[in-house]
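Visitor: fold the following.
(chains A and B)
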Amino acid sequence: NAGVMQNPRHLVRRRGQEARLRCSPMKGHSHVYWYRQLPEEGLKFMVYLQKENIIDESGMPKERFSAEFPKEGPSILRIQQVVRGDSAAYFCASSPGQGTDTQYFGPGTRLTVL
Amino acid sequence: GQNIDQPTEMTATEGAIVQINCTYQTSGFNGLFWYQQHAGEAPTFLSYNVLDGLEEKGRFSSFLSRSKGYSYLLLKELQMKDSASYLCAVRDGASKIIFGSGTRLSIRP
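Guide: Residues are numbered from 1 along each chain as shown, chains lettered A, B, ... in the order given. You can find the predicted model right below:
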């Protein structure tokens, strides 16, 4: 049973470009969570999604950031017009069902904005 | 407000025991997690406590006191590979998990 998959593992963008981060949950998991981790800091919750629904986006910046989890395919975290402050590791986690289940993390995508 | 406090760094000796403390203040409480994170890698799940008391799993144990807003992670028979950051996290509500900044544990021979 493959774990949570994220790609790309490393992404370099110039200021003003768009970044698309993908997450495929573990087989049988229908709940996806996105977190951001700045260097030497803890993980910060961004958004919680189920298939075709955003359940909790209280941690998402109001502008430039969006997330989706379509019926088919991976979850996508999209950052438009990236700025240097967006440079961070973005982790995706998945859980099998109810929000109270343990979350299992993917390897992360390290975004560097030049 | 929401706050999770844990020491920034700790050092311990191979073969010894170390206890990493965590205190929390959150608007809701629906369980406490400990994760291990090696540098440059994803967090891996260690333990989950929702009721008061001690949960033991091999060399690792986790304790929770909800009335005190307090937890600790106990690591026994330390090995060099245990050098990592240990993240305390609280589930606030149905899904949102709030993480502490992590404790960087260094093991010396």
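
Visitor: residue 83: what's it in contact with?
Guide: In the absence of a named chain, chain A is used. For residue A:83, the contact set (CB atoms under 8 Å, 6 or more residues apart in numbering or on different chains) comprises A:15, A:113. Yep, even glycine has a C-beta here, placed from its N, CA and C like the rest.

Visitor: oops, chain B please
Guide: B:105-107.

Visitor: apply 10 Å and report the result again.
Guide: Residues in contact with residue B:83 (CB atoms under 10 Å, 6 or more residues apart in numbering or on different chains) are B:11-12, B:14, B:38-39, B:104-108.

Visitor: can you tell me which of the residues you listed are buried?
Guide: B:12, B:104-105, B:107 (16 or more other CB atoms under 10 Å in any protein chain shown).

Visitor: tell me, how many residues neighbour residue 103?
Guide: Unless you meant another one, I'm taking chain A. 26 (other CB atoms under 10 Å in any protein chain shown).

Visitor: right idea, wrong chain: chain B
Guide: Each residue near residue B:103 was counted by other CB under 10 Å, and the total is 20.

Visitor: can you pull up the bridge partners for it?
Guide: Beta-bridge partners recorded for residue B:103 (DSSP bridges): residue B:86.

Visitor: identify the spatial nearest neighbour of residue 38, chain neighbours not counted.
Guide: Because you didn't say which chain, this covers chain A. residue A:88 (5.0 Å; CB to CB, 6 or more residues apart in numbering or on different chains).

Visitor: correction: the question concerned chain B.
Guide: residue B:84 (4.7 Å).

Visitor: same check, this time on residue B:59
Guide: Closest to residue B:59 by CB to CB, 6+ apart is residue B:76, at 4.8 Å.

Visitor: lowest-pLDDT helix or strand in chain B?
Guide: Scoring the helices and strands of chain B by mean pLDDT, DSSP states H and E places strand B:97-99 at the bottom, with a mean of 89.

Visitor: what's that one packed up against?
Guide: strand A:31-37, strand A:43-50, strand B:3-5, strand B:32-37, strand B:84-91 (3 or more CB pairs under 10 Å, 6 or more residues apart in numbering or on different chains; DSSP states H and E).

Visitor: helices or strands up against the first one?
Guide: So the one you mean is strand A:31-37. strand A:19-24, strand A:43-50, strand A:53-56, strand A:65-68, strand A:75-79, strand A:88-95, strand B:97-99.

Visitor: mind listing the strands it pairs with, and their directions?
Guide: By DSSP bridges, strand A:31-37 pairs with strand A:43-50 (antiparallel), strand A:88-95 (antiparallel).

Visitor: now find how far off-centre that strand is within its chain.
Guide: 5 Å (CA atoms, centre = their mean, to the nearest Å).

Visitor: can you give me the distance of residue B:58 to residue B:52?
Guide: Residue B:58 is 21 Å from residue B:52, where distance means CB to CB, to the nearest Å.

Visitor: looking at those two, which is more packed in?
Guide: Neighbours were counted for residue B:58 and for residue B:52 using other CB under 10 Å; residue B:52 has more, 11 against 7.

Visitor: please consider this matter closed, and thank you.
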